[in-house]
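Novice: Please find the sequence and the predicted model below.
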Amino acid sequence: MHKELVDVERVSLYKSKNMSKYTEDDLKVELENKEYEYGFYTDIESETFPAGLNEDIVRAISKKKNEPQWMTDWRLEAFRAWQQMEEPEWANVNYEKPDFQAVSYYSAPKKKDKYASLDEVDPELLETFKKLGISLDEQKKLAGVAMDIVVDSVSVATTFKKTLAEKGIIFMSISEAIQEHPELVKKYLGTVVPQKDNFYAALNSAVFSDGSFCYIPKGVRCPMELSTYFRINQGGTGQFERTLVIADEGSYVSYLEGCTAPSRDENQLHAAVVELIALDDAEIKYSTVQNWYPGNKEGKGGVFNFVTKRGLCEKNAKISWTQVETGSAVTWKYPSCVLKGDNSIGEFYSIAVTNNFQQADTGTKMIHLGKNTKSTIISKGISAGKSQNSYRGLVQIGARAENARNFSQCDSLLMGNNCGAHTFPYIESKNASAKIEHEATTSKIGEDQVFYCNQRGIPTEKAIALIVNGFSKEVLNKLPMEFAVEAQKLLEISLEGSVG
Amino acid sequence: MELKEKMLASFMAFEEKIKDNEDLHEVRNHAIKNFENKGFPTKKEEAWKYTSLNAILKNDFSVFPKKDNAIEFKDVKKYFLHEIDTYKVVFIDGIFSSFLSSTTHEGLDVCLMSSALTKPKYKMVIDTYFNQIASKEESLTSLNTAFSLEGAYINIPKSKVVEKPIEIIYFSTGNEAALMVQPRNLVIVGENAHVQIVERHQSLNSNPVLTNSVTEIFAQKRAIVDYYKIQNDVQTANLIDNTYIAQKQESRVAVHTFSFGGNITRNNLNFYHQGERIDSTLKGITIIGDKQHVDHYTLVHHAQPNCESHQNYKTILDGQSTGVFNGKIYVEKEAQKTDAFQQNNNILIGDKATINAKPQLEIFADDVKCSHGCTIGQLDESAMFYMQQRGIPKKEAKALLMYAFTSEVTSSIKIPELKAKIARIIADKLGVKMGFDL
């Protein structure tokens, strides 16, 4: 048992503290030093493109990555579409529009060659990982987690490739995949999120610098949790990663994604695209803990997180999204499921926490196309400080989706009266046999609940943490164990100082 | 000519014709400018995402109907609450019919908007209330404001309990090939006063009609207003109903909307709170079939503490009909201790029926109780089986279940005769001969 806990701690995303001995008092100390903990900046000699975006930059990115012609064309097509598009305005967020010509679209740690082993990796980079609590050499020994680490968009290290290769699982950076498995990439890239899907997706398709690629062959159950780690390092660069996960017939994979960014004054742009494809009888579980820099207390700086995530379910397939969103100044994110095959299942579990001047507009889309499709949406929004937290969701039942079933629940918790909680659920049904239930509530932490805790000697701050945890339990339970512990602590820290 | 251009051209002629005070002239001109800028709403606008007016706007509507289209009372008797005595304000093709009406100036004013707008003795009331709560941004409301001339004017003085319900009925005779009418109603209910109003729009044949109606209701302190809208029109009638309600402290306003027919029906129902301890009720039953379309767009704006709002909308859709529910609860920072509840239940019976629901909450205060629920489903099979087992034919069993489904709304109708009338209409819609004597 103890061994296991220690392992968990090593995977821990933001601290390499001994968690088995982690007590509530430690939390208190931690809360007192609540400045954004990843606010360090590693001075790795970066190779950064000049700011601005035009066809030449797109070509240059493609060339830099030694991509085949079809890929370059694909990017250019996306870029041309992007030029015709306008930045969406409908989300319930206010921010100064990023100047897309002021962003540098490529930033890679300068490298000699491919890294054959960790020794060749820039020691400073390794130091970065250590601060994040994921030392690579330890990683290898850890059971159950393989990581594809992305720093400023270029995958520098992939572990456990060999173990996975034995099962026929392909887990590598997408740039490698373009070289090594072009047939798979060509077949699936852009099938779920087309280049022209939306403004940010088009931008991403044109300039994505790296990301993860995962293919689980027929009938294989991936023996470990796959994990990617994103971190924005270089100032003034945008992070445009692209993830493609393909679960072939009857396979299963659980995928974890965690994000952090060092403190920066200017807003950093993050426009990622994640595509999941679950073929017949396959299951994909995708979990995200997002902790990008949320900006300081005055609302200065922070990451703009404009993400397009979508999964496609074939017959009897299942896709489950779980997300814990605590960071970013502005979040614009709707992990969705297209339930194309009969009997397919889509799930969405989300906790979105906003504090200070954060703004989040997040939710999901469940598109029911096949018969007997089912979807579940559980969304918990917690707003504190002067933040705005919106749930925006769509449940759409197509005319042919006989016996489709949906259950949605959106609960919001407000702390203080300078914040706002909003729900914008869209429900569209074209089939008479569909059953849809939606419910939403908004409330605050009950004084009686806090009083009850106080009476029993639990100070208010801890009582609040306890209640918030209870409020979020339904979603936290869906996270893999390592992440659940992590997420729980993140929640507490994000809400520090918002009550009492 | 496009309808928009036609409206703009007609406005010139309209302005020439009427002589009222300068202030109103300005209000109208301001409104027509807003309409000119915005035009008719399209599906691109979030508020009109699910309702398209394009098909209706293709009709060549006449804007100024010919005068004196008389109808016999016996032909339209069934549209009135004829079992009881009521005040009546009746319009035929947008023009007041003194023959069918029964207005009053004794102790309260139940009369015409046209006289209120033109006679000097009403000037103060018009200045205080007219176009005060109606949206100045929304293009269709502006269009109505620009052409506002006729409608019902109801002013209930302080502490007056109006003993008879007031009926406002708009008939269209179909003597015009296609008619557009824009009634404008103003209802002022004084402190502690109590009134019941029933509004109905009725076409008498199948020539297309577009009604763009605006009603402003002001409920003063502790006033009680019960407002019922019956929308059971022919398949070629289109109705855009814009209702704006301002409530002062401790007032109670309930609006029941019964949408049983018409081609496209759009209800914009807006409640604005201007005092504490207000109670607002919004309820509706929609039973439609064929290719009918009913869109409920509600807003409850909670701006003051300790207020309550209750919304309950029930929809049954058959055929290829489309139902839309877009309900918004907006709670401002100051509106602590708000209790806002919204429920929307839908049953789809027709294979090709569509329901689009968008219940929204926008909340800026922390100490509130706000919730919404929305369901889409079918009739309970076990209940159907139970009844059939006991000898109730399928059709009747189905009707009973649907009637029960709507009873949460019908039960709060305060006028017994109206309740019976609604029950009859529901039975008729469900195709059964049951009386539902409840």
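Specialist: Received it, and whenever you're ready, just let me know what you need.

Novice: ok, the residue lying closest to B:His30 once chain neighbours are set aside - contacts?
Specialist: In this structure, B:His30 finds its nearest non-sequential neighbour in B:Lys136, 7.5 Å apart by Cβ to Cβ, 6 or more residues apart in numbering or on different chains. The C-beta positions use only the backbone N, C-alpha and C, and glycine is treated the same way. Neighbour list for B:Lys136: B:His30, B:Ala31, B:Asn34, B:Ser142, B:Thr145 [criterion: Cβ atoms under 8 Å, 6 or more residues apart in numbering or on different chains].

Novice: filter those to the buried ones?
Specialist: Among these, the ones that count as buried by 16 or more other Cβ atoms under 10 Å in any protein chain shown are B:Ala31, B:Asn34, B:Ser142, B:Thr145.

Novice: Report the residue ranges of every domain in chain B.
Specialist: Using automatic domain parsing, the domains assigned to chain B come out as B:3-275, B:380-438.

Novice: need those domains in a markdown table with mean pLDDT, can you?
Specialist: Shown next, in a markdown table, are the domains of chain B (pLDDT from 0 to 100):
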| stretch | mean pLDDT |
| --- | --- |
| domain B:3-275 | 88 |
| domain B:380-438 | 86 |
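
Novice: just checking, B:Thr281 touches B:His310?
Specialist: Yes - between B:Thr281 and B:His310 there is a contact under Cβ atoms under 8 Å: 5.0 Å.

Novice: ok, which of the buried ones among the contacts of B:Lys136 also contact chain A?
Specialist: Of the residues in these, proximity to chain A by Cβ under 8 Å from any Cβ of the partner chain holds for none.

Novice: now the strands for the stretch 101-250 of chain B?
Specialist: Remark: strands assigned in the stretch 101-250 of chain B by DSSP state E, counting those that start in this stretch are B:109-112, B:152-156, B:166-172, B:179-181, B:184-189, B:194-203, B:209-219, B:224-231, B:237-247.

Novice: who in the stretch 51-200 of chain A is up against chain B?
Specialist: So the stretch 51-200 of chain A meets chain B at A:Trp90 (Cβ under 8 Å from any Cβ).

Novice: Tell me which residue in the stretch 51-200 of chain A sits closest to chain B.
Specialist: Residue nearest to chain B within the stretch 51-200 of chain A (Cβ to the nearest Cβ): A:Trp90, separated by 7.2 Å.

Novice: if I look at A:Tyr349, how far off is A:Val485?
Specialist: 17 Å (Cβ to Cβ, to the nearest Å).

Novice: is stretch A:462-471 anywhere near chain B?
Specialist: No - Stretch A:462-471 lies apart from chain B when judged by Cβ under 8 Å from any Cβ; the minimum separation is 13.0 Å.

Novice: Please compute how far that stretch lies from its chain's middle.
Specialist: Relative to its parent chain, stretch A:462-471 has a centroid offset of 24 Å by Cα atoms, centre = their mean, to the nearest Å.

Novice: and if you look at stretch B:342-353?
Specialist: 21 Å.

Novice: where along the chain do the helices fall?
Specialist: If you meant another chain, say so; for now it's chain A. A:2-11, A:24-32, A:55-64, A:69-84, A:123-132, A:136-141, A:161-166, A:174-180, A:182-188, A:199-207, A:447-455, A:460-476, A:481-494 (DSSP state H).

Novice: The intended chain is chain B.
Specialist: B:3-17, B:22-38, B:54-57, B:73-76, B:113-118, B:123-129, B:139-146, B:381-389, B:394-410, B:416-429.

Novice: Centroid-nearest residue for chain A?
Specialist: The residue lying closest to the centre of chain A (Cα atoms, centre = their mean) is A:Thr288, at 4.1 Å.

Novice: That residue and A:Thr322 touch, don't they?
Specialist: Yes - the criterion here is Cβ under 8 Å, and A:Thr288 meets it with A:Thr322 at 7.1 Å.

Novice: so what sits against both of those two?
Specialist: What both A:Thr288 and A:Thr322 touch, as defined by Cβ under 8 Å, 6+ apart, is an empty set.

Novice: quick one: which of the helices of chain A has the weakest pLDDT on average?
Specialist: When the helices of chain A are compared by mean pLDDT, helix A:2-11 comes last with a mean of 36.
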